[in-house]
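>>> okay, sequence plus prediction incoming.
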Amino acid sequence: MEKRFVGMDPYIEEQLWEDFHNDMIVSIRAHLAPQLAPRYFAQIEERVYVEQVDQPADARKLFRHDVTIQTTGSHQLSGRGGEAVAVLEPQVLTLPETEEKREPYIAIVTLPARQVVTIIELLSPSNKNPESQGRQEYLRKRRQIIHSPVNLVEIDLLRKGARMPTVEQLPPGDYYAFVARGDRRPFVEVYSWQWNQPLPTIPIPLLPEDADAKLDLQEAFDTTFARARYEVRLDYSQPL
């Protein structure tokens, strides 16, 4: 069975995103590695955060107890001067469920100084969910990078969710890549394309004195797709 889509397969977003995200990161690094040697290398790092898990309404039970005042017999509690003291029974509530999330990204580092010059992010659903702790954590890290000399490349292969914030309105598109060069802040290069178009080749900036590396997203995607055998794992009978 061959690929059903020219570029990005939108069924991956619906069914196997986490599996794809991790493997695509590996493919991107492998694609860039020959272009980075000998002056740079790419390493995969992880961002870790705790995300609250939504629970059904019937799982969030609230147990209420009346306030009781003990004033008789040997069980009476006294304060100073022998006065009766009210004893409050606690309300038993439910703590929200949480789970640890790990998101890999790529850092391009110089040799031999080991200075981080570029961060490459493949956005995940939690990065784009306005109500997600993952988005708040991601935007916090994003602000730190933007206020530093480090280059930032963000690849958005998800149709759902909130886009990364920019002052001007984004150009039309289903998928985006943002290239923010450390020496050209606050400007960002935005690449956009439709779901039925091939994935583009985008620049990966390094130090200002060096030429950009080139990331062929389509080649990295095709490698990931074939290696993971998504053509037989995706259920194309399901609606998008």
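Cool, got the structure.
>>> helices of the protein, start to end?
10-15, 17-36, 125-128, 133-146, 217-228, 230-233 (DSSP state H).
>>> and those, which is most packed in?
helix 125-128 (a mean of 20; mean count of other CB atoms under 10 Å). C-beta coordinates here come from the backbone N, C-alpha and C atoms, glycine included.
>>> by contact count, what packs against it?
Packed against helix 125-128 by the contact rule (3 or more CB pairs under 8 Å, 6 or more residues apart in numbering; DSSP states H and E) you find strand 97-110, helix 133-146.
>>> let's have those in a markdown table, adding distance to Pro34.
Output for the helices and strands packed on helix 125-128, formatted as a markdown table (distance: least, CB to CB, whole Å):
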| stretch | distance to Pro34 |
| --- | --- |
| strand 97-110 | 13 |
| helix 133-146 | 26 |
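>>> closest one to Ser126 among these?
Of all the helices and strands packed on helix 125-128, helix 133-146 sits nearest to Ser126, with 2.9 Å by CB to CB.
>>> only alpha carbons, please: show that closest one as PDB.
Written as PDB, here are the backbone C-alpha positions of helix 133-146 (Å, rounded to 0.1, in the frame of the first residue of the first chain):
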ATOM      1  CA  GLN A 133      -0.400  23.300  30.900                       C
ATOM      2  CA  GLY A 134       1.800  22.200  28.000                       C
ATOM      3  CA  ARG A 135       1.000  25.300  26.000                       C
ATOM      4  CA  GLN A 136       1.800  27.600  29.000                       C
ATOM      5  CA  GLU A 137       5.100  25.800  29.600                       C
ATOM      6  CA  TYR A 138       6.000  25.900  25.900                       C
ATOM      7  CA  LEU A 139       5.200  29.600  25.500                       C
ATOM      8  CA  ARG A 140       7.300  30.400  28.600                       C
ATOM      9  CA  LYS A 141      10.300  28.500  27.100                       C
ATOM     10  CA  ARG A 142       9.600  30.200  23.800                       C
ATOM     11  CA  ARG A 143       9.800  33.600  25.300                       C
ATOM     12  CA  GLN A 144      13.100  32.700  26.900                       C
ATOM     13  CA  ILE A 145      14.500  31.700  23.600                       C
ATOM     14  CA  ILE A 146      13.100  34.800  21.800                       C
END
